[in-house]
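Enquirer: whatever this is, show me its structure:
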Amino acid sequence: MKQIKIQTTKIFICLQLILLSISPAYAQNWYQINDFPGTERDDGASFVIGDTAYCGTGNLPWGNGTIDFYALDMNTDSWSTISSLPIGEERQYACGFSWSNFGFIFGGFSSGTFINDIWMYNPTTNLWIEKTALPDVGRSGSSCFVIGDTAYIVGGKTSANNAIDEVWAYDMTNDTWQQKNNLPFGTRWRAASTSMNDKGYLIFGKDTDDIFCEQLYEYNSLLDSWNQISTFPGLGRTYSALKNISGDLVLLTGLDSLNNSYNDVWRYKILSSTWDQLNSIPSTGRRGGMCFNYGSILYYTTGINQSNARLKETWKNINPTEISENTSVKNFKIFPNPAQNEVTIISNSINPTEFRTIRIFDLSGKLIYSNSEINQINSIEINLENFYAGIYLLQVETSTEFFSQKLIVQ
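Expert: Numbering: from 1, shown residues only. Next up is the predicted model:
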């Protein structure tokens, strides 16, 4: 029998997304919530544990790094103050990431010092614990992503004031470090990164020659290898954010080589290898803010704008990659939706030879179901007995088209 586990947080997301199907005008729309409660800043770090985002550190308007931290309850969009890093650990350009029920802050820069330490936050005790430092020189502006229980720290800048090409893996279970192969495409500072389905992704950043890069790379942790999979359709940038939303890569904001700050949002569809532009943040261009997501709900807070004014704004988009709010998607009909034990996909206009695959992702971007061995497309039934109750993204790919549809399992 299917296990049904609906926690309060899942019910909240479900209600929000059901409301979207009633009011299509909300698709891809941003709206402003409560401001970040601390001083305006850029170059802060954030991580997510469950339904709470933790945001802190960064560069204040008078040019000092800071240690304060705040928690955003993403069910109620309310902020609260949590324990700061210890006095003397002020920094900007740090990396933030999470694993299990813990958050981590690595490295950064403070008062001329490049930092190599790592701190773990325990939300149960509201305490920071210093872990084993990187066994190498300090660095700032590195990128990071998590695969399994390992955080990958990529590139950055050292006291030599040069971008570097090093990659280090931090085993969060054993509190140990291992150096991986260097980046084969050169150095990177302030690139944007994320992970999805046991792969890492990295785009943008500046190299040693201060060239703004626009290539998108995929990292295979099993092979310890990088592969370029695309190029951004525009100028290279730094200070951008990259997130995994419902099986797509979502890229937003940043600073280009012409000193332009952006408020735009882009999606890269990995399955179809295509870029498209989504709705921009309805405010001024910015860079260096803190970006995080709760499933398919995307947030962006703080940063610095074109006039070099630091910000406290916090913006939210419930479903930035939503393609359709109808249960019928062009040539396909998906029913019932919401579904319980089974969902059916019907199409009378697609030749079976054109069919490629059906995939279902959960809200974290994890691939839950994939089928590329269906002989006909006019009526396909998918058993949902082993699915937990919640929101999923169902994607259908043919030789000529690519469709995506929200699926609610009860």
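
Enquirer: make it CA atoms for all contacts and neighbour counts henceforth
Expert: OK.

Enquirer: so the spatially most central residue of the chain bridges to which residues?
Expert: The centroid of the chain falls nearest to residue 243 when counting by Cα atoms, centre = their mean (2.1 Å). Counting by DSSP bridges, residue 243 is bridged to residue 250.

Enquirer: and it, how close does it get to residue 203?
Expert: Using Cα to Cα, to the nearest Å, residue 243 is found at 11 Å from residue 203.

Enquirer: quick one: common contacting residues for those two?
Expert: Shared contacts of residue 243 and residue 203 (Cα atoms under 8 Å, 6 or more residues apart in numbering): residue 193.

Enquirer: okay, stretch 338-346 in PDB with CA atoms only?
Expert: Extracted in PDB, the C-alpha atoms of stretch 338-346 (Å, rounded to 0.1, in the frame of the first residue of the first chain):
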ATOM      1  CA  PRO A 338      -4.700  15.300  -8.500                       C
ATOM      2  CA  ALA A 339      -4.100  11.500  -8.600                       C
ATOM      3  CA  GLN A 340      -3.900   8.800  -6.100                       C
ATOM      4  CA  ASN A 341      -2.900   5.300  -7.300                       C
ATOM      5  CA  GLU A 342      -2.500   5.900 -11.000                       C
ATOM      6  CA  VAL A 343      -2.200   8.700 -13.600                       C
ATOM      7  CA  THR A 344      -3.000   8.400 -17.300                       C
ATOM      8  CA  ILE A 345      -1.400  10.300 -20.200                       C
ATOM      9  CA  ILE A 346      -3.500  10.500 -23.400                       C
END
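
Enquirer: just the buried residues of it, please?
Expert: 338-340, 342-346 (16 or more other Cα atoms under 10 Å).

Enquirer: over to stretch 382-391?
Expert: For stretch 382-391, by 16+ other Cα under 10 Å, it's 384, 387-391.

Enquirer: ok, back up a step: look up how far residue 295 lies from the residue nearest to the centre of the chain.
Expert: The value you get for residue 243 to residue 295, if Cα to Cα is used, is 10 Å.

Enquirer: for residue 177, same thing?
Expert: 29 Å.

Enquirer: what's the local residue count around the closest residue to residue 128 other than its chain neighbours?
Expert: Excluding its sequence neighbours, the residue lying closest to residue 128 (Cα to Cα, 6 or more residues apart in numbering) is residue 121, at 4.5 Å. When counting by other Cα atoms under 10 Å, one arrives at 21 neighbours for residue 121.

Enquirer: and the helix or strand harbouring residue 121, what's buried?
Expert: Of the helices and strands defined by DSSP states H and E, residue 121 is found in strand 113-122. For strand 113-122, burial by neighbour count (16+ other Cα under 10 Å) applies to 114-121.

Enquirer: just stretch 97-117 next, same as before
Expert: So, applying 16+ other Cα under 10 Å, buried residues of stretch 97-117: 97-99, 102-110, 114-117.

Enquirer: just the closest of these to residue 358, please.
Expert: residue 99 (29.7 Å; Cα to Cα).

Enquirer: so what's the backbone phi/psi at the closest one?
Expert: phi -160, psi 140 (degrees, to the nearest 10).

Enquirer: and for the nearest residue to it once chain neighbours are set aside, the neighbour number?
Expert: In this structure, residue 99 finds its nearest non-sequential neighbour in residue 149, 6.6 Å apart by Cα to Cα, 6+ apart. By the criterion of other Cα under 10 Å, residue 149 has 14 neighbours.

Enquirer: and residue 149, what is it in contact with?
Expert: 99, 171-173.

Enquirer: find the pair from these with maximum spatial separation.
Expert: 99 and 171 (10.4 Å).

Enquirer: top of the contacts of residue 149 by neighbour count?
Expert: Busiest of the contacts of residue 149 [other Cα under 10 Å] is residue 172, holding 20 neighbours.

Enquirer: isn't that residue up against residue 148?
Expert: No: using Cα atoms under 8 Å, residue 172 is not in contact with residue 148; the gap is 9.4 Å.

Enquirer: can I see the domain layout of the chain?
Expert: 26-317, 328-409 (automatic domain parsing).
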